[in-house]
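Student: sequence and predicted structure below; questions after.
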Amino acid sequence: CIPANWHCDGDDDCGDGADEPAEYCKSEKRTCFGDLFTCDNGNCIPRTYLCDGDDDCLDGSDEDARHQCNSRECDPEKEFTCVKNKMWNRPTCIPKRWVCDGDPDCIDGADEHSKELNCPTPEPCSDNQFRCNNSRCINKEWFVTTDLEAYEYRWAWTGGLGRMGLDGWAWTDGLGRMGL
């Protein structure tokens, strides 16, 4: 089993192409499910990637004029506005549930500013844990290397399942490919 959003994402996650059937993945009739956006090329991306300044669809359809990216406003009931955007300095909308979750989603970390948003103070880590830059605590036994400078203080799960570093979590599919 793979996460549903890996189906038709352009990567052969199953190793045999079962998650990338061309006749379906490139079909004009294909519709993405849940909180996913259907790109013009048939790819599915999270709706939070719309108007974020990155060509996540790989065809530009998540950044084109029909979305009114330059004037798009976030839904204040459901979304938080990241005032700064990583490429085009446009607001980016993120789900409110991502605010104060210990993982900065805005490029400037505005969604984790504890004083302005009344985010709770992170719980202290225990003696057998290490506090990552995103305030999460991980078990010291998960440490993979002793060369901290070479790995920018990155910590990893044993077994090669994932790592946590300055940029948050990244996961590997077991073949050495990494993704956020």
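Tutor: Right, received. Where do you want to start?

Student: ok, which stretches of the protein are helices?
Tutor: All helices of the chain, identified by DSSP state H, fall at 22-25, 114-117.

Student: and these as a markdown table, adding mean pLDDT?
Tutor: Listed next are the helices of the chain as a markdown table, based on pLDDT from 0 to 100:
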| stretch | mean pLDDT |
| --- | --- |
| helix 22-25 | 81 |
| helix 114-117 | 77 |
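
Student: just say which of the ones you listed is most tucked in.
Tutor: helix 22-25 (a mean of 11; mean count of other CB atoms under 10 Å). Bear in mind the C-beta positions are built from the backbone N, C-alpha and C, glycine included.

Student: for stretch 37-48, which positions count as buried?
Tutor: Along stretch 37-48, these residues count as buried under the neighbour rule (16 or more other CB atoms under 10 Å): 37, 39, 42-46, 48.

Student: what is the burial count for the residue lying closest to residue 49 once chain neighbours are set aside?
Tutor: For residue 49, ignoring the flanking residues on the chain, the nearest one in space by CB to CB, 6 or more residues apart in numbering is residue 56 at 4.3 Å. Counted with other CB atoms under 10 Å, residues neighbouring residue 56 total 19.

Student: same check on residue 29?
Tutor: Residues lying near residue 29 (other CB under 10 Å) number 6.

Student: for it, report the pLDDT, please.
Tutor: On pLDDT, residue 29 comes in at 71.

Student: ends of stretch 113-131, how far apart?
Tutor: End-to-end distance for stretch 113-131, by CA to CA, to the nearest Å: 17 Å.

Student: average pLDDT for stretch 4-15?
Tutor: pLDDT averaged over stretch 4-15 gives 79.

Student: about what we covered before: which one of the helices of the chain lies closest to residue 130?
Tutor: Closest to residue 130 of the helices of the chain, according to CB to CB: helix 114-117, at 20.3 Å.

Student: CA atoms of that closest one as CSV?
Tutor: Presented in CSV, the C-alpha positions along helix 114-117 are these (Å, rounded to 0.1, in the frame of the first residue of the first chain):
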residue,chain,number,x,y,z
SER,A,114,4.1,31.6,19.6
LYS,A,115,3.7,35.2,20.9
GLU,A,116,1.5,36.6,18.1
LEU,A,117,-0.6,33.4,17.7
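
Student: what about residue 105, how many neighbours?
Tutor: 18.
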